[in-house]
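J.: predicted model follows, preceded by the sequence.
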Amino acid sequence: MTSDEGSIVTDAPVAVVTGAGSGIGRDIAAALSKAGYRVALSGRRAQALRETAELTPGMTLTAPADVRSADQVQALFDTTVAQWGRVDLLINNAGAFGPGGPLEDLAAADWTAVIETNLTGSFLCAQAAFRVMKDQDPQGGRIINNGSLSAHVPRPFAVAYTASKHAVTGLTKAISLEGRPYRIACGQIDIGNASTQMTASSPLAVSLLASLGLSRVVGGLAAMTLSDQAACGTGCGALTPRAGFSAGAPVGTIMPQAPSSAPSRNSIPSRRSRSNGPGSDNSPVLSVEKPKRP
């Protein structure tokens with residue numbers, strides 16, 4: 001594990017980005033760094049993380065880890081805290097699509113691999129971040145889970161991926177609820193079919209975001225994490241470009257307003273700022289409208 005700035009401590013907020021070796025994770029890391037974050041880059045491939053660090057302008061730390069391993073996840077957060085003293089933001093981005101194919105042909109091992117990465121990995125990272133955010137001073141932070149259009153509309157021949165992303169939405173809501181007393185906000189981004197290394201390996205992949213560009217997806221995420229207005233008492237959510245198919249119709253697109261300034265560590269809103277308790281009609285996960293049936 002390496003850092004480009006030794007053990008220098010600054011007032012800049014600290015972010016941990018998983019799946020930072022390529023695709024959306026790499027672009028998110030670069031966007032956060034440009035916005036003033038110190039960024040811990042994590043993923044399974046050390047060389048890919050070093051390449052991301054070279055493309056990231058600010059202070060970075062490379063920390064190879066497999067999110068499926070509780071021990072490796074704990075080591076990631078222990079190293080980040082030892083280096084920089086705290087964690088203000090977790091981007092839970094690591095994910096796997098798995099082999100496409102009919103439900104009846106999916107091997108149990110392939111199902112397990114997707115669930116362990118997308119769901120168990122997200123839980124382990126969120127749990128480790130939650131513990132740090134709860135105990136640090138100032139208390140609190142933000143956890144952003146990378147969901148998917150598949151958390152709302154199933155993809156054909158992708159039962160494991162679809163199930164895992166529906167479960168991530170439940171995880172997001174549970175973290176949002178439990179984080180309220182500790183100023184820990186949790187939200188979710190639901191991106192559609194982005195052209196990345198992961199989707200390139202799938203015969204089902206299409207690039208419906210080409211007209212918007214992946215940079216605008218990342219820009220929407222960066223705006224949400226930096227904007228006080230994007231958070232609420234039980235969590236924060238991002239309205240990001242989502243694209244997908246439902247009876248041949250693309251899902252709509254909404255972008256958040258860019259922030260006017262960087263956040264302070266004390267900018268997590270009060271748990272009394274919004275009523276989203278049990279039984280409330282307000283969900284902590286914000287999303288664009290569902291596709292209309294013809």
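T.: Alright, I've got the coordinates.
J.: drop to CA atoms for contacts and neighbour counts, all remaining ones
T.: Noted.
J.: may I have stretch 75-83 exported as CSV, CA atoms only?
T.: Only the C-alpha atoms of stretch 75-83 are listed here, as CSV (Å, rounded to 0.1, in the frame of the first residue of the first chain):
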residue,chain,number,x,y,z
ALA,A,75,-7.0,-3.8,6.3
LEU,A,76,-8.0,-1.3,3.7
PHE,A,77,-9.8,0.9,6.2
ASP,A,78,-7.1,0.4,8.9
THR,A,79,-4.5,1.6,6.5
THR,A,80,-6.5,4.6,5.4
VAL,A,81,-7.2,5.7,8.9
ALA,A,82,-3.5,5.2,9.9
GLN,A,83,-2.4,7.3,7.0
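J.: so for it, what gets flagged as buried?
T.: Within stretch 75-83, the residues that count as buried by 16 or more other C-alpha atoms under 10 Å are A75, L76, F77, D78, T79, T80, Q83.
J.: which SSE is the fifth one in?
T.: Secondary structure assigned from DSSP states H and E places T79 in helix 70-84.
J.: list of residues touching that helix?
T.: With C-alpha atoms under 8 Å, 6 or more residues apart in numbering as the test, helix 70-84 has contacts from 6-10, 14, 40, 42, 61, 63-67, 86-87, 124-125, 128-129.
J.: helix, strand, or coil at V87?
T.: coil (DSSP: H, G, I helix; E, B strand; the rest coil).
J.: my guess is it contacts V17. True?
T.: No: with contact defined as C-alpha atoms under 8 Å, V87 does not reach V17; the gap is 10.9 Å.
J.: mean confidence score for the helix holding T79?
T.: For helix 70-84, mean pLDDT rounds to 98.
J.: which helix or strand lies directly C-terminal to it?
T.: Next along the chain after helix 70-84, with elements defined by DSSP H and E, is strand 89-92.
J.: what residues of the helix or strand that comes right after that next one count as buried?
T.: For strand 89-92, the following helix or strand on the C-terminal side (DSSP H and E) is helix 108-115. Under the neighbour-count criterion of 16+ other C-alpha under 10 Å, helix 108-115 has W111, A113, V114, I115 buried.
J.: what's the span of stretch 62-77 from first residue to last?
T.: Terminal residues of stretch 62-77 are spaced 12 Å apart (C-alpha to C-alpha, to the nearest Å).
J.: ok, stretch 41-58 next?
T.: 12 Å.
J.: list the buried residues for that stretch?
T.: 41-46, 48-50, 52-53, 56, 58.
J.: one step back: closest to A29 among the buried residues of stretch 75-83?
T.: The shortest approach to A29 among these belongs to T80, at 14.9 Å (C-alpha to C-alpha).
J.: what residues are up against L119?
T.: Applying C-alpha under 8 Å, 6+ apart to L119 gives the contacts S164, K165, A167, V168.
J.: next step: those residues restricted to helices.
T.: In helices, judged by DSSP state H, the following of these are found: S164, K165, A167, V168.
J.: closest to G100 out of these?
T.: S164 (14.2 Å).
J.: residues of stretch 66-74 that come out buried?
T.: Judged by neighbour count (16+ other C-alpha under 10 Å), stretch 66-74 contains these buried residues: D66, V67, R68, S69, A70, Q72, V73, Q74.
J.: in CSV, list those residues along with distance to L149.
T.: Below are the buried residues of stretch 66-74 laid out as CSV (distance: C-alpha to C-alpha, whole Å):
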residue, distance to L149
D66, 24
V67, 22
R68, 23
S69, 26
A70, 27
Q72, 29
V73, 26
Q74, 29
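J.: picking that back up, among the contacts of helix 70-84, which are located in helices?
T.: L124, C125, A128, A129.
J.: what about A107, neighbour count?
T.: 10 (other C-alpha atoms under 10 Å).
J.: which strands or helices does the helix or strand hosting L49 pack on?
T.: In the assignment (DSSP H and E), L49 maps to helix 46-55. Counting by 3 or more C-alpha pairs under 8 Å, 6 or more residues apart in numbering; DSSP states H and E, the packing neighbours recorded for helix 46-55 are helix 23-34, strand 38-41, strand 60-62.
J.: so what strands line up beside the last one?
T.: By that I understand strand 60-62. Strand 60-62 pairs in its sheet with strand 2-3 (antiparallel), strand 38-41 (parallel), by DSSP bridges.
J.: lowest-confidence stretch among the ones you listed?
T.: strand 2-3 (a mean of 48).
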